[in-house]
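[1] make a model of this:
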Amino acid sequence: MTNTVEPTAPAATERWAGVVERVHSVGDTLAAGVAEGDLERRLPDATLRAIDEERLAALWTERRYGGLETDVRTLSEVTKALARYCPSTSWVVNNINGSNLLATRFPRRVRDEVFGDNPGARLASIFAAPGAATPVDGGYQLSGKWPYASGILHDDWAILLAKDPGGAPLSVLAPVADLVVQDTWNTVGMRGTGSHTATATDVFVPGHRVISFADQLGRANTTDLSLPPLLRTAAVAGMAVICASVVVGAGLAARAHVVDKAPAKGIAPTVYSSAPMSQTFVSALGGTALTLDAAEMHVSRAADVLDAAAAAGVGVPDAELRRIRGDVGQAVNLVTTALDELMWAHGAGAFGLSSPLQQYWRDANTAARHAMLNTRVGHELYGGAFFGLDSIVPSL
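    Modelled structure (predicted):
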């Protein structure tokens with residue numbers, strides 16, 4: 001198997017440094033909202049204001065509507081930085097940006113409707129379960145339940161999977177105001193994402209806001225040189241990379257916390273009054289740090305391949321897309337392993353509710369189980385590419 005799309009040399013960090021700095025400028029606000037987000041199972045209002053003020057949910061919004069229209073690597077760096085302060089916030093920002101990119105597949109009329117009077121519009125996309133779309137005059141009647149709707153309490157529109165009476169899959173765009181949100185998100189981690197269940201009962205959706213699911217997730221756009229690079233990006237693969245970046249960011253933040261606290265922390269019941277005095281601690285930390293470095297390299301490689309292809313206007317081969325799914329699955333697997341090691345290194349205090357380590361551990365382990373990041377599926381996809389086996393995932 002050979003790669004026909006090679007990643008470019010690492011772009012100057014200036015490409016994303018300014019946007020990442022926006023994250024750090026509101027980091028204290030985001031961190032201060034973690035406890036409330038955990039308790040209320042939604043992002044606090046102050047967090048949402050910070051996101052909007054710094055335009056962090058507009059990174060994958062078209063420039064014609066006032067968006068920043070960045071690339072995969074930039075959003076990857078932003079989500080890693082956000083996870084340092086609040087992994088749930090990072091996940092919601094990732095979901096909004098990914099959904100705003102998916103919105104570009106709808107006709108111009110629809111995008112004008114969504115973003116024309118509201119450049120800061122926030123979208124959700126939920127494909128976990130199909131609803132039913134029944135044709136009626138002028139459009140469809142939509143009914144169904146869509147679980148795991150991350151950020152739905154804060155979004156303006158939702159892109160939903162539905163099927164017509166003949167079983168054809170459709171992508172339907174509906175205002176969140178037309179939906180009912182059922183309180184179903186009771187989890188150990190990522191509680192602040194408020195990933196409840198969106199429901200619809202005979203909601204009318206005009207025909208112009210319905211496209212085929214193949215058009216929604218297809219890759220015909222990737223070679224359309226009339227589009228800007230962002231809109232040529234293989235969206236599903238890009239979203240997978242960003243989801244994994246949230247997990248990687250949590251792992252990097254946990255490592256930084258352990259390193260910062262280690263000099264003033266002894267190792268009970270040994271004679272070591274400072275953890276770095278222990279060669280065992282230092283060696284273990286070095287190994288764990290390299291594990292996290294490897295995870296970060298996996299997502300960076302995947303992001304750079306996607307951005308290089310989008311910039312050149314060439315399609316990413318299926319074999320490469322399968323490797324990207326392997327990359328993201330391997331990355332989250334490495335992070336969850338590293339987080340366990342960091343919990344051991346820091347000691348029992350890591351499990352105190354006042355410790356950010358337990359937050360990173362809970363949130364990263366929850367996010368890592370997202371279907372798009374399934375490590376075993378990623379391994380099988382990538383392994384099968386070496387033998388020309390059919391893909392087990394229809395939409396890469």
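[2] element containing Ser125?
    For Ser125, the host element (DSSP states H and E) is strand 123-136.
[3] how about that strand: buried residues?
    Leu123, Ala124, Ser125, Ile126, Phe127, Pro130, Gly131, Ala132, Ala133 (16 or more other Cβ atoms under 10 Å). For glycine as for every other residue, the C-beta is placed from the backbone atoms N, C-alpha and C.
[4] what do you get for stretch 106-120?
    For stretch 106-120, by 16+ other Cβ under 10 Å, it's Phe106, Val110, Arg111, Glu113, Val114, Phe115, Gly120.
[5] can you tell me which of the residues you listed are in helices?
    When the buried residues of stretch 106-120 are checked against helices (DSSP state H), the matches are Val110, Arg111, Glu113, Val114, Phe115.
[6] could you find the closest non-adjacent residue to the second one?
    When you say that, I think you mean Arg111. Ala103 (6.3 Å; Cβ to Cβ, 6 or more residues apart in numbering).
[7] pull the contacting residues for the one you found.
    Val110, Arg111, Val114, Phe115, Leu123, Trp157, Ile159, Leu173 (Cβ atoms under 8 Å, 6 or more residues apart in numbering).
[8] still on that earlier bit, which element follows the strand holding Ser125 toward the C-terminus?
    By DSSP H and E, the next helix or strand past strand 123-136 is strand 139-149.
[9] so for the very next helix or strand once past that following strand, mean pLDDT?
    Using DSSP H and E, the helix or strand that follows strand 139-149 in sequence is strand 157-163. In this model, strand 157-163 has a mean pLDDT of 98.
[10] residues of the host helix or strand of Ala240 that come out buried?
    Per DSSP H and E: Ala240 is located in helix 235-261. Of all the residues in helix 235-261, those buried under the rule 16+ other Cβ under 10 Å are 235-255, 257-258, 261.
[11] so what's the gap between that helix and the chain middle?
    Here helix 235-261 is found 10 Å from its chain centre; the criterion is Cα atoms, centre = their mean, to the nearest Å.
[12] remind me what that helix packs against, helices and strands.
    helix 72-85, helix 87-102, helix 279-312, helix 318-346, helix 356-367 (3 or more Cβ pairs under 8 Å, 6 or more residues apart in numbering; DSSP states H and E).
[13] quick one: closest of the ones you listed to Thr187.
    helix 356-367 (6.0 Å; Cβ to Cβ).
[14] with only the CA atoms kept, save the closest one in CSV.
    The C-alpha coordinates for helix 356-367 follow below in CSV (Å, rounded to 0.1, in the frame of the first residue of the first chain):
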residue,chain,number,x,y,z
PRO,A,356,-8.0,17.9,37.6
LEU,A,357,-6.4,14.5,36.9
GLN,A,358,-9.6,12.6,37.7
GLN,A,359,-11.4,15.0,35.3
TYR,A,360,-9.0,14.4,32.5
TRP,A,361,-9.1,10.6,33.2
ARG,A,362,-12.9,10.4,33.2
ASP,A,363,-13.5,12.7,30.2
ALA,A,364,-10.8,11.2,28.0
ASN,A,365,-11.9,7.6,28.7
THR,A,366,-15.5,8.5,27.9
ALA,A,367,-14.6,10.4,24.7
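[15] thank you, goodbye.
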